[in-house]
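Undergrad: Task: produce atomic coordinates for the following.
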Amino acid sequence: MLHSQTAPLIPSPISQPVEPSGDLAWRVVALANLYRLLLPPVLFALYLSTRPTPTVGGTNPQLFMLVCVLYWTLGALFAFGGRGHWPSRRVLVLAHTLLDTTAVSALLYCSGGAASGLGILLVIPVGAMALLGESRGPFANAAVAALGILGQQIVSVTLGSAPSADYPLAGMQGAVVFLVALMAWPVSNRLRESEALVRRAVLDLANLAQVSQYIVQHLRESILVVDPADNIRLINESAAQVLGESDAVPGALLGEVSPRLLYLLSTWRANDLLERGDAQTMLAADGARVIQPHFAPLGDSNPSPVIVFLEDTGEIAAKVQQTKLAALGRLSASIAHEIRNPVGAMSHAAQLLAESPGLSGEDRRLTQIMQANSSRVSGIIDNILQLSRREAPKPEQLTLAAWTARFRDEFCATLELPRQQLLIDPAAEDVQVRIDGSQLHQIIWNLCQNAMTHALPAAAAAGIQLRFGRLGGVGRPFLQVADRGPGIPSADSERIFEPFFTRAQRGTGLGLFLARELAAANGATLLYEAREGGGSIFRVVFADPSRWNDLYS
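TA: Numbers count the residues shown, from 1 in each chain. The predicted structure follows:
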């Protein structure tokens with residue numbers, strides 16, 4: 001997955017020596033290497049073009065040609081084989097200085113000493129190495145070059161190949177080399193500080209990028225970036241869990257990961273339906289969450305990459321519902337408590353009135369209406385008080401095969417139904433869940449009783465089906481109640497879990513609301529979907545077994 005480890009957020013100090021791996025250092029070295037590769041061929045060509053009285057190399061032609069070949073060969077080795085193998089910048093500068101000083105001094109000797117003017121060839125190498133030197137290093141390099149010029153002059157005079165009058169000229173060439181080093185010294189300091197600042201800025205940017213990546217990866221919000229070719233370019237952990245961790249990886253095609261999300265993205269690109277607020281949703285990979293995507297373009301190009309925010313509508317609904325319940329619970333519980341006794345008194349009075357022998361048939365019908373509506377109001381009061389006094393769940397580990405068998409026996413015996421009215425679809429494997437057994441009993445009882453109450457006469461023989469298993473084969477466990485009733489109109493499917501919403505004449509509109517609240521308290525989710533061929537499916541998706549310890553610790 002998209003886990004990333006961040007480097008320590010400690011930038012290098014400005015005063016820390018920069019190793020030769022810096023880009024600036026290697027650019028200077030590359031220029032010095034290019035100078036070495038070009039200089040020997042130029043001198044050799046000058047030698048050949050000015051024979052029989054060559055301008056350079058006339059004192060010792062054989063040694064001159066040998067030095068040119070060796071100088072070019074060693075320069076090529078330095079250029080193509082030395083990068084990244086130097087222990088430090090100091091060693092790098094010293095090696096280059098010794099090579100240039102030795103080669104140019106030998107070329108001076110072969111050309112008749114300082115009078116040939118070749119000593120000036122050391123200006124560029126010494127200047128380049130002075131830019132890389134540390135502290136007083138540039139002056140040490142200049143001293144080595146000046147000693148090389150003076151040393152070859154001494155040898156030339158001793159062997160008689162140059163007059164002694166050339167000593168001042170050799171000294172002047174050495175002084176020029178020192179002057180170049182002196183001029184390069186402040187530039188070297190400034191370049192070194194600039195390079196350190198650049199390296200620190202690069203490190204800071206890298207750290208910032210790592211921090212940003214870490215924050216994005218660990219955001220609770222689900223975010224992914226899709227390029228114009230519908231490839232996933234960036235996805236954080238939360239979005240990967242929504243779309244399926246095994247498939248949702250950078251580089252994957254969005255259509256292969258989530259065809260529904262690709263359809264919504266294509267719709268948004270075509271006419272911005274989502275931007276205008278049309279609610280289009282999708283199911284998460286675990287089948288337990290309803291997700292609403294939001295899209296926003298990245299950049300001004302057309303087409304441009306798109307950043308996708310995957311919003312869990314369940315979390316939003318839970319926050320809204322929590323706010324509503326905070327006020328509704330206090331108000332409704334106090335009202336229910338106050339009207340419970342008067343309603344009970346009216347119901348009792350209506351019952352006594354119905355027992356009067358002098359009542360006519362019409363009056364007796366009115367008392368029945370009074371009793372029925374009193375019972376309905378009492379049911380509403382009981383549900384409200386039950387909701388307000390709901391105890392915290394006491395989770396236990398249940399085996400659904402055994403639990404559903406016991407539930408069927410109790411449900412059919414209580415309502416005096418044949419066992420064929422409540423069918424259990426056997427699963428390929430036994431499934432264990434962790435939930436409060438009494439609250440699960442209340443949820444499933446409510447769902448089954450609703451199915452029996454609203455079942456059509458023609459569909460009553462089909463009965464109710466209890467089915468359990470795992471979503472996707474290895475996902476979260478579920479238990480569903482399916483019927484062949486009239487189903488729920490699509491316009492009402494999003495409202496059936498709202499409190500007091502009902503289309504039934506004698507319904508309270510609190511049964512499904514209470515069932516979903518009990519499921520949520522146990523880390524489960526109650527979902528509805530229309531059944532193919534007619535009817536309804538209410539599915540309880542239990543908490544992920546891998547999170548049991550987190551939910552109930």
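
Undergrad: Following the chain onward from the longest helix anywhere in the chain, which element is next?
TA: Using DSSP state H, we find that the single longest helix of the chain is helix 167-217. On the C-terminal side of helix 167-217, the closest following helix or strand by DSSP states H and E is strand 222-226.

Undergrad: ok, the closest residue to residue 351 other than its chain neighbours - how many residues close by?
TA: Of all residues not flanking residue 351 in the chain, residue 371 sits nearest, at 6.2 Å (Cβ to Cβ, 6 or more residues apart in numbering). For glycine as for every other residue, the C-beta is placed from the backbone atoms N, C-alpha and C. With neighbours defined by other Cβ atoms under 10 Å, the count for residue 371 comes to 18.

Undergrad: which stretch of helix or strand covers residue 371?
TA: helix 361-388.

Undergrad: Now residue 289: phi and psi?
TA: phi -130, psi 140 (degrees, to the nearest 10).

Undergrad: Ok, residue 292 next?
TA: Dihedral angles (degrees, to the nearest 10) for residue 292: phi -110, psi 120.

Undergrad: go on, residue 467?
TA: With angles defined as degrees, to the nearest 10, residue 467 sits at phi -140, psi 140.

Undergrad: Show me the beta-bridge partners of it.
TA: Note on residue 467: beta-bridge partners by DSSP bridges are residue 425, residue 480.

Undergrad: My read is that it contacts residue 482, right?
TA: Yes: with contact defined as Cβ atoms under 8 Å, residue 467 and residue 482 form a contacting pair (6.6 Å).

Undergrad: more neighbours, those two?
TA: More crowded of residue 467 and residue 482, by other Cβ under 10 Å: residue 482, with 22 against 18.

Undergrad: hmm, who's touching the helix or strand hosting the more buried one?
TA: Assigned by DSSP H and E, residue 482 belongs to strand 477-483. Applying Cβ atoms under 8 Å, 6 or more residues apart in numbering, the contact partners of strand 477-483 are 287, 400, 404, 431-433, 444, 447-448, 451, 454-455, 459, 462, 464-471, 531, 535-542, 545.

Undergrad: in stretch 436-453, what's buried?
TA: Neighbour counts using 16 or more other Cβ atoms under 10 Å place 436-437, 439-448, 450-452 of stretch 436-453 among the buried residues.

Undergrad: Buried by neighbour count, from the contacts of strand 477-483: which ones?
TA: Buried, going by 16+ other Cβ under 10 Å: 287, 400, 404, 431, 433, 444, 447-448, 451, 454-455, 459, 462, 464-471, 531, 535-542, out of the contacts of strand 477-483.

Undergrad: for the stretch 51-200 of the chain, what are the low-confidence residue spans?
TA: For the stretch 51-200 of the chain, residues meeting the criterion pLDDT under 70 lie at 81-87, 133-135, 161-162, 164-165.

Undergrad: how about 90 then?
TA: 51-65, 67-69, 71-200 (pLDDT under 90).

Undergrad: go on, the stretch 201-350 of the chain?
TA: 201-226, 228-230, 232-350.

Undergrad: Check the offset of the longest helix of the chain from the chain's centre.
TA: Relative to the chain's own centre, helix 167-217 is displaced by 37 Å; criterion: Cα atoms, centre = their mean, to the nearest Å.

Undergrad: That helix to strand 222-226, inter-axis angle?
TA: 120 degrees (axes from the mean of the first three to the mean of the last three Cα atoms, to 10 degrees).

Undergrad: Next, count neighbours for the closest residue to residue 539 other than its chain neighbours.
TA: Closest residue in space to residue 539, ignoring its immediate chain neighbours: residue 480 at 4.0 Å, by Cβ to Cβ, 6+ apart. Using other Cβ under 10 Å, residue 480 is surrounded by 20 other residues.

Undergrad: The buried ones among the contacts of strand 477-483 in strands, which ones?
TA: Residues of the buried ones among the contacts of strand 477-483 located in strands (DSSP state E): 433, 464-470, 536-541.

Undergrad: For the closest residue to residue 115 other than its chain neighbours, list the residues it contacts.
TA: Spatially, and ignoring its direct neighbours in sequence, residue 115 is nearest to residue 166 (5.1 Å; Cβ to Cβ, 6+ apart). Contacts for residue 166 were tallied using Cβ under 8 Å, 6+ apart; they are 113, 114, 115, 153, 156, 157.

Undergrad: tell me which of those residues is nearest to residue 526?
TA: Residue 526 has its nearest neighbour among the contacts of residue 166 in residue 114, at 98.2 Å by Cβ to Cβ.

Undergrad: ok so that closest one is a helix residue?
TA: Yes: counting by DSSP: H, G, I helix; E, B strand; the rest coil, residue 114 is found in a helix.

Undergrad: is it true that it touches residue 176?
TA: No: counting by Cβ under 8 Å, residue 114 stays clear of residue 176, with 11.3 Å between them.

Undergrad: quick revisit: pull out the buried residues from the contacts of residue 166.
TA: Looks like the contacts of residue 166 have 113, 114, 115, 153, 156, 157 buried, using 16+ other Cβ under 10 Å.

Undergrad: how close does the residue nearest to residue 351 sit to residue 509?
TA: For residue 371, the distance to residue 509 equals 21 Å [Cβ to Cβ, to the nearest Å].

Undergrad: Now do the strand holding residue 482 and strand 536-541, the angle between them.
TA: Using the same axes, to 10 degrees, strand 477-483 lies at 170 degrees relative to strand 536-541.

Undergrad: can you give me the mean pLDDT across strand 477-483?
TA: Mean pLDDT, strand 477-483: 91.

Undergrad: Find out how far that strand is from the centre of the chain, if you would.
TA: Its chain's C-alpha centre and that of strand 477-483 lie 34 Å apart, by Cα atoms, centre = their mean.

Undergrad: can you check stretch 517-531 too?
TA: How far stretch 517-531 lies from its chain's middle: 29 Å, per Cα atoms, centre = their mean.

Undergrad: Now do that stretch: everything it contacts.
TA: Around stretch 517-531, the neighbours that count as contacts under Cβ under 8 Å, 6+ apart are 288-290, 314, 318, 387, 390, 392-393, 395, 435-436, 439-440, 442-443, 482-484, 487-488, 490, 493, 496-497, 512, 515-516, 536-543, 547, 551-552.

Undergrad: Just the C-alphas of that stretch, formatted as CSV.
TA: What follows is stretch 517-531, C-alpha atoms only, in CSV (Å, rounded to 0.1, in the frame of the first residue of the first chain):
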residue,chain,number,x,y,z
GLU,A,517,-29.4,3.1,16.1
LEU,A,518,-28.9,-0.2,17.9
ALA,A,519,-26.8,-1.5,15.1
ALA,A,520,-24.7,1.7,15.0
ALA,A,521,-24.1,1.4,18.8
ASN,A,522,-22.6,-2.0,18.1
GLY,A,523,-20.3,-0.9,15.3
ALA,A,524,-22.7,-2.4,12.7
THR,A,525,-24.6,-0.8,9.8
LEU,A,526,-28.3,-1.4,8.8
LEU,A,527,-28.8,-1.0,5.1
TYR,A,528,-31.8,-1.4,2.8
GLU,A,529,-32.0,-2.5,-0.8
ALA,A,530,-34.8,-3.5,-3.1
ARG,A,531,-35.0,-7.2,-3.8
